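Chemist: sequence plus the predicted model coming up.
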Amino acid sequence: MKIYIGSDHAGYVFKKQLLNMYTCEDCGCFSNNSVDYPDIAKTVCTKINHDIDNNVKSIGILICGTGIGMSIAANKYDNIRCALVYNNECASLTRKHNDANVLALGARMTTFDNIKSIIDIFINTEFEGGRHQNRINKL
Ligand code: RB5
């Protein structure tokens, strides 16, 4: 499974640390300079949609100050189910129930260790399907 990671300036330091821990494609930003989070969300979501068209499974990780802007931006794109997650239980539930394919995180709201834990759970939890698939079909 491919992983795309992107952040704005607020998430840049955490993203740099995560790039040392996971095999993932860096979709920017590439410095501490201020950028607009919708541009980064667009890059990640476009790549995921390209993978969907080619039957490749991929997910995205988007980090901004709160995670809110990234989640709003990502959910504008077709085929994207982006979940803003602040704790381990929601990381698990959004995979099991929502089949979320993008994770939004708030670097200014929590610790790096919490974010790392959320990512590990998100990556390693499977969608349950069944009644949850019916609900996703209605989104
Ligand atoms: C940037 O200052 C901040 O607005 C952004 O990182 C994010 O929190 C927006 O939702």
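Modeler: Okay, I see it. Residues are numbered from 1 along each chain as shown.
Chemist: make it CA atoms for all contacts and neighbour counts henceforth
Modeler: Noted.
Chemist: this protein against the ligand: which residues are in contact?
Modeler: Residues of the chain lying near the ligand by C-alpha under 6 Å from any ligand atom: 8, 10, 64, 65, 66, 67, 68, 69.
Chemist: which residues touch the fourth one?
Modeler: Looking back up the chat, that one is residue 65. For residue 65, the contact set (C-alpha atoms under 8 Å, 6 or more residues apart in numbering) comprises 8, 10, 11, 105, 106, 107, 108, 109.
Chemist: again, but for the second one
Modeler: If a contact means C-alpha under 8 Å, 6+ apart, then residue 10 has 32, 63, 64, 65, 107, 108 as its contacts.
Chemist: the first one: what secondary structure?
Modeler: Three-state call for residue 32 (DSSP: H, G, I helix; E, B strand; the rest coil): coil.
Chemist: okay, and which of the residues of the chain next to the ligand map to strands?
Modeler: residue 64 (DSSP state E).
Chemist: can you pick the most crowded of the contacts of residue 10?
Modeler: Within the contacts of residue 10, residue 63 tops the neighbour count with 32 neighbours, counted by other C-alpha atoms under 10 Å.
Chemist: quick check, it in contact with residue 7.
Modeler: Yes. Counting by C-alpha atoms under 8 Å, residue 7 is a contact partner of residue 63 at 4.5 Å.
Chemist: returning to that earlier point: looking at the contacts of residue 10, which gets the smallest pLDDT?
Modeler: Ranked by pLDDT, these bottom out at residue 32 (93).
Chemist: what separation do you get for that residue and residue 44?
Modeler: In this view, residue 32 and residue 44 are 19 Å apart by C-alpha to C-alpha, to the nearest Å.
Chemist: hang on, the earlier thing: now, the residues of the chain next to the ligand that are in helices?
Modeler: 68, 69 (DSSP state H).
Chemist: and the residues of the chain next to the ligand as CSV, adding distance to residue 38?
Modeler: Below are the residues of the chain next to the ligand laid out as CSV (distance: C-alpha to C-alpha, whole Å):
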residue, distance to residue 38
8, 9
10, 13
64, 10
65, 13
66, 14
67, 12
68, 11
69, 8
